[in-house]
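Novice: no FASTA, just this:
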Ligand code: GLN
């Protein structure tokens, strides 16, 4: 019988529920139990695809093409599993389904209500994940903070599931902030106490209380939390500030979380095998070298907008023994000014990430030009790949006014244009080319050396592509298209063989990067940045040869 762990948050958002949920998962995984994770987002959007990354952070893309909450990315990285799009449940999806059924007549004669109709639909969706994944434990994280009106139906569903599934098959982990008060020099537990009261009010007394504090709490506050939270002292834990987020599961297990969770869920106490994970954390924490890269994007103020890229650079850095310092540069600063060189000269590499729209595009193109002309390692992702094509068309092929039609519909040289199947698509939600597709890699190219496979599976999220009418002109001038769709009808990878390291992908390799299993493109880039810094004339690119599991779901559906 599947067991469920529900994670709730208290006091404020961004309290690290995702890291705690992932940690509980890891703690179970190293003991030999299988897990998956559901993220609940109590907002009305159907999915994250239409939200602003500056406010909500990155849109994470799953293997099967879901545009989901960035926490799913965190679960995949911690647990080294692929998660499906049904693992991200929103209020929008739940109400949509119930109202659709009402229109079909499924509830004829009944008054359709939040309880039981909405709560039943929430439970159905949670159980569907359990059925499909067949794991031992399903972790369910509810976004937001207890007390939010919009999350009430989800808490109600959890409450009902506690009764339906039985005492030993469900548990509640509550994560809440315990602030340190500088003026009096003490930790304050009152906000946490109030959040526990709120949780009780909705019928969810916590089994484990996780204090989010900057350090391990002293005995006094721990006892207070136990007393007012009505949990034994051994069920109170501290999610502390850590150097590497991947260290958290180890720290929490040392505090005894594994034993408490196994006891509570009546799971056998098997041996926890941490050695592999500890080794990975160790490489991430103790690099020998350091490189500094310029990330030229939009939304540069909120690092969560590019969280998978940040993490992919960390994973690659860990494998290359290198700390990667990221300098966020709002690409707009390069527009209309000739200041690219001064700003970028102190960096070991330039990365242009994915993006949309015209703001900042010319600045990104200026940064790409600098990297190409000065032999600085360059990695372009999605929009960065498309803008590298535009820059090459203008700067090398000499096509004046070359552009993407996303930026300039009347460009005389639309080197980047809408995908044919996107013509006529007007609805914005879930209509891009999404999810994993196979890519054919050209033999003896840089891509082939990096990936070590002739066919790779990578995740996409785009509407535009390299215009086939310009392929010949571009390749004639020295651009190499080293990856394409299996039928050769669209370009997936480009590179410049005479450059130190100039590599760009239409897909988003960061979504499949994991600690201990970095993505080859990021790994190659970080290696190249380091070797350039160390004064090598040519980078040594080893064949990493990552083994990809066959795409496990219907592609892009
Ligand atoms: N805006 C571009 C497109 O839609 C690139 C998208 C992206 O970078 N994710 O094709």
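Specialist: That came through fine. Every value quoted in this text rests on a predicted model; they were computed, and no experiment measured them. Numbering: from 1, shown residues only.
Novice: And the closest residue to the ligand within the stretch 151-300 of the chain, how close does it get to residue 326?
Specialist: Closest residue of the stretch 151-300 of the chain to the ligand, C-beta to the nearest ligand atom: residue 297 (9.9 Å). For the C-beta atoms, the positions are set from N, CA and C on the backbone; glycine is no exception. Plainly put, residue 297 is 10 Å away from residue 326 if you go by C-beta to C-beta, to the nearest Å.
Novice: ditto for residue 94
Specialist: Counting by C-beta to C-beta, the gap from residue 94 to residue 326 is 37 Å.
Novice: Check residue 164 too.
Specialist: Separation of residue 164 from residue 326 (C-beta to C-beta) stands at 46 Å.
Novice: More neighbours: those two, which one.
Specialist: residue 326 (19 against 12; other C-beta atoms under 10 Å).
Novice: what residue ranges in the protein score low on pLDDT?
Specialist: 299-301, 542-557 (pLDDT under 70).
Novice: List, one by one, the residues from it near the ligand.
Specialist: 354, 355, 356, 382, 383, 386, 406, 461, 462, 463, 464 (C-beta under 6 Å from any ligand atom).
Novice: Neighbour count says what about the residues you listed? Which are buried?
Specialist: Listed as buried from those are 354, 355, 382, 383, 386, 406, 461, 462, 463, 464; burial here means 16 or more other C-beta atoms under 10 Å.
Novice: For the fifth one, give me phi and psi.
Specialist: I take that to be residue 386. phi -70, psi -40 (degrees, to the nearest 10).
Novice: quick thing: my sequence starts at 12, can you match it?
Specialist: Taking 12 as the first residue, the last one we looked at is residue 397.
Novice: Please report the distance of it from residue 404.
Specialist: For residue 397, the distance to residue 404 equals 11 Å [C-beta to C-beta].
Novice: Name the secondary structure element that contains residue 373.
Specialist: helix 372-385 (DSSP states H and E).
Novice: which outside residues touch stretch 255-262?
Specialist: 30-31, 33-35, 37-38, 41, 89, 250-251, 253, 285, 288-289, 291-292, 295-296, 325, 526 (C-beta atoms under 8 Å, 6 or more residues apart in numbering).
Novice: Could I have the buried ones of these as PyMOL selection syntax?
Specialist: Buried residues within the contacts of stretch 255-262, by 16+ other C-beta under 10 Å, are selected in PyMOL with:
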select buried, resi 30+31+33+34+35+37+38+41+89+250+251+285+288+291+292+295+325+526
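Novice: Inside strands: which ones of the contacts of stretch 255-262?
Specialist: Judged by DSSP state E, strands contain the following of the contacts of stretch 255-262: residue 250.
Novice: Which residue comes closest to residue 99 once chain neighbours are left out?
Specialist: Computed as C-beta to C-beta, 6 or more residues apart in numbering, the closest residue to residue 99 that is not its neighbour in sequence is residue 79, at 4.0 Å.
Novice: Could you count how many residues lie near residue 127?
Specialist: Considering only other C-beta under 10 Å, residue 127 is surrounded by 14 other residues.
Novice: where does it fall, helix, sheet strand or coil?
Specialist: helix (DSSP: H, G, I helix; E, B strand; the rest coil).
Novice: same deal with residue 522?
Specialist: Three-state assignment for residue 522 (three-state DSSP): helix.
Novice: which residues does the residue nearest in space to the middle of the chain contact?
Specialist: Central residue of the chain (C-alpha atoms, centre = their mean): residue 84, 3.1 Å from the mean position. Residues near residue 84 by C-beta under 8 Å, 6+ apart: 69, 71, 318, 319, 322, 522.
Novice: who's in contact with the first one?
Specialist: The one in question is residue 69. Residue 69 makes contact with 81, 84, 315, 316, 317, 318, 319 under the criterion C-beta under 8 Å, 6+ apart.
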